[in-house]
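Colleague: How does the following fold in three dimensions:
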Amino acid sequence: MKTLQQAASQALAMMDLTSLNADDDAARIEALCRRTATDFGSPAAVCVYPAFIDAADRQLRELGLRDRVRIATVTNFPDGSVNAERAARETRAAVVAGADEVDVVFPYKALINGDTASGRALVSACREACGDQRLKVILETGELKRPELIRQAAEVALDAGADFLKTSTGKVATNATLEAAEILLTAIRDSGRDVGFKAAGGIRTSEEAQTYLALAERLMGTAWLTPEHFRFGASGLLDALLATLSGKAATPAGSGY
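Modeller: Residues are numbered from 1 along each chain as shown. Modelled structure (predicted):
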């Protein structure tokens, strides 16, 4: 089993350092991007609202990190509308603006009401709109609640072309859980597709990150655990990981995404 420091180093390289707040502005996003330049390496990506893709791009270029840190953004967020045309339009615009990855919210409320067609249509449309860029599908597992419904959402998204399955928006009461993670990872494994997994929202300590990594390693194997296949969507996790890596006590993380 990995030591906590080894897990923290691995988790840092798999982070989508995130700011998705209603009061975000360019200055906050630039500060977020500056946090990617750590003494222990850089996160895989920053995740920001579409309006701040350009600010993130400029700051990462100034830091000399644009070729190492990807820019992710969100669409159909956070409501998970059934409007596939709108979601695809937002996704296409995000890619044109410079996003490397798009995290789109699955129409989870429709699925709860028995509608699988809307989810399939929306993911398929957004997959096409993404072109060569990565599409991460947010299933909002904390709202789906039931294991069989989470598994169904995963299978619909996988069949429609998702590149990643993501647990949560970070905007609901229950976000990432180990139970949901195991369902999604198992669905990916069973599909035989080359699809990744992102645990998002509520993961704030190195110990919690270590537990998710151990789960993924058990289900998917050691070689699968790379930033191309596994991500943490978090804002409060970075400080905890850096504290572990530097041998200092972590300060309490904030309540952010």
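Colleague: rest of the way, CA atoms for contacts and neighbours
Modeller: Fine.
Colleague: Do a quick rundown of the strands in the protein.
Modeller: 15-19, 45-48, 70-75, 101-105, 134-138, 164-166, 196-200, 230-234 (DSSP state E).
Colleague: Give me the neighbour count for Leu219.
Modeller: 15 (other CA atoms under 10 Å).
Colleague: Low-confidence ranges, the protein, go.
Modeller: Under the criterion pLDDT under 70, the flagged ranges of the chain are 249-257.
Colleague: on that earlier part again, comparing the strands of the chain, which comes out most buried?
Modeller: Mean neighbour counts were taken over the strands of the chain using mean count of other CA atoms under 10 Å, and the top value, a mean of 29, falls to strand 164-166.
Colleague: Name every strand pairing with that one and say which way it goes.
Modeller: When sheet partners are counted by DSSP bridges, strand 164-166 sits next to strand 134-138 (parallel), strand 196-200 (parallel).
Colleague: Taking strand 70-75 as reference, get the angle to the first one.
Modeller: Right, the one you point to is strand 134-138. Counting by axes from the mean of the first three to the mean of the last three CA atoms, to 10 degrees, strand 134-138 points 50 degrees away from the direction of strand 70-75.
Colleague: Do a quick rundown of the helices in this protein.
Modeller: 4-13, 26-34, 53-62, 84-97, 108-112, 117-130, 141-144, 147-159, 178-191, 206-220, 237-246 (DSSP state H).
Colleague: Val46: which of these is closest?
Modeller: Proximity to Val46, assessed across those by CA to CA, is greatest for helix 26-34 (7.0 Å).
Colleague: Tabulate the CA atom coordinates of that closest one in PDB.
Modeller: Output in PDB follows, covering the C-alpha atoms of helix 26-34 (Å, rounded to 0.1, in the frame of the first residue of the first chain):
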ATOM      1  CA  ALA A  26     -10.700  37.200 -13.400                       C
ATOM      2  CA  ALA A  27      -8.500  38.100 -10.500                       C
ATOM      3  CA  ARG A  28      -9.700  35.100  -8.500                       C
ATOM      4  CA  ILE A  29      -9.100  32.700 -11.500                       C
ATOM      5  CA  GLU A  30      -5.700  34.200 -12.000                       C
ATOM      6  CA  ALA A  31      -4.900  33.500  -8.400                       C
ATOM      7  CA  LEU A  32      -6.200  30.000  -8.700                       C
ATOM      8  CA  CYS A  33      -3.900  29.400 -11.700                       C
ATOM      9  CA  ARG A  34      -0.900  30.700  -9.800                       C
END
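Colleague: Would you format the strands of the chain as TSV with distance to Ile112 included?
Modeller: Putting the strands of the chain into TSV (distance: least, CA to CA, whole Å) gives the following:
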stretch	distance to Ile112
strand 15-19	28
strand 45-48	27
strand 70-75	20
strand 101-105	14
strand 134-138	15
strand 164-166	17
strand 196-200	21
strand 230-234	24
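Colleague: among the ones you listed, which is nearest Ser246?
Modeller: Closest among the strands of the chain, once you apply CA to CA, is strand 15-19, at 17.6 Å.
Colleague: List the strands paired with that closest one, with their directions.
Modeller: Paired strands of strand 15-19, defined by DSSP bridges, are strand 45-48 (parallel), strand 230-234 (parallel).
Colleague: List the contacts of Ile183.
Modeller: Ile183 is in contact with Pro147, Ile150, Arg151, counting by CA atoms under 8 Å, 6 or more residues apart in numbering.
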